[in-house]
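Asker: return a 3D structure for these sequence lines:
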Amino acid sequence: MDLINSILNAVFGLVFMPFTGLQPYWAILCVSILTGVAMLFIFKATSDQGGIKRAKNLVKGHFLAIRLYKDDLGLMFETMKNIIVSNLLYMSKSLRPMLFLTIPMGIILVQLGTRYEYRPLHVGETTVISMRIEDPAVRLDEVEIELPDGLLLDMPPLRIESLRELNWRIRAEKAGSFELGFKRGEATVHKQLLVQEALTPVAAEIARSNIGVKLMNPSEASIPQAAFASVIGIDYPKRDLEVFGISMHWLVAFFVISLVAAFSLKGIVGVEV
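Answerer: Residues are numbered from 1 along each chain as shown. The predicted model follows:
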């Protein structure tokens, strides 16, 4: 999983490189449009275009029949039944290409999520670092945090025995990419913390054996299996995104822009959807 994530991170790092230093909405605008166009070509290559066109024409024909036979109740009900059947046929023609779109769309959403769901800390901001330790043989007071220059421990650690969890509040004193160290005797576990303004992938959480955490945080390697920590998380701020002066969640912006691009260009690409 970490190897696959490394390859995808490198590919998407090149995609986002031209937008370094620009406002975040430029990247999601361009990526959404490119995604919409790419999805059109995938849909065209994997779908029965002739079958989709025939199914759409059937639906249109049955709607026309409603207008023609509006005074015949029996024919009206027959036509409504035919509309339902035709719509089911139309949807069945779209099922296969949708399956082909699932994996690339999922990869794109995860990579966008690492950049737009959270943002790095800014200088002067504080955050909470949390660590869960599932091994009952590990005492919470045995674990210490090591902070590099530029980060300051803002309060003593909070130990929650019932949850097997440790919490530290950290203040960012300067910008940079920092490596946090968590020590228990001779053993050390590391987690990256980002303090910067640029649009960059953020791993809010890393885990030892949680596949969901690994999938949703691809920008940082997992915790080694032999480590004493199970999960380490950073309470990064949510990213505020404005597109054309409108504040919205990045997921909404992505789907709206990509769908508008796809439907605007489907005639040029020659795709029946």
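Asker: can you name the element that comes right after the host helix or strand of residue 110?
Answerer: Using DSSP states H and E, the element containing residue 110 is helix 73-116. The helix or strand immediately downstream of helix 73-116 is strand 126-132, counting by DSSP H and E.
Asker: what pairs with the first helix or strand past that next one going along the chain, and is each one parallel or antiparallel?
Answerer: Later in the chain than strand 126-132, the nearest helix or strand by DSSP H and E is strand 144-146. When pairing is defined by DSSP bridges, strand 144-146 lines up against strand 176-184 (antiparallel).
Asker: what angle do whichever helix or strand comes after the strand it pairs with and strand 176-184 make?
Answerer: For strand 176-184, the following helix or strand on the C-terminal side (DSSP H and E) is strand 187-195. Angle between the axes of strand 187-195 and strand 176-184 is 160 degrees (criterion: axes from the mean of the first three to the mean of the last three C-alpha atoms, to 10 degrees).
Asker: just checking, what packs against the helix holding residue 110?
Answerer: Applying 3 or more C-beta pairs under 8 Å, 6 or more residues apart in numbering; DSSP states H and E, one finds that helix 73-116 contacts helix 2-16, helix 24-46, helix 49-68, helix 211-216, helix 250-269. From N, CA and C alone the C-beta is placed, and that goes for glycine too.
Asker: contacts for the third one?
Answerer: This means helix 49-68. 75-76, 79-80, 82-83, 86-87, 89-90, 93-94, 271-273 (C-beta atoms under 8 Å, 6 or more residues apart in numbering).
Asker: before we move on, the earlier item: pLDDT of the helix holding residue 110, averaged?
Answerer: On average, the pLDDT along helix 73-116 is 83.
Asker: and for residue 38, nearest residue in space, chain neighbours not counted?
Answerer: residue 104 (7.6 Å; C-beta to C-beta, 6 or more residues apart in numbering).
Asker: so where is the protein shaky, pLDDT-wise?
Answerer: 1, 62, 69-73, 76 (pLDDT under 70).
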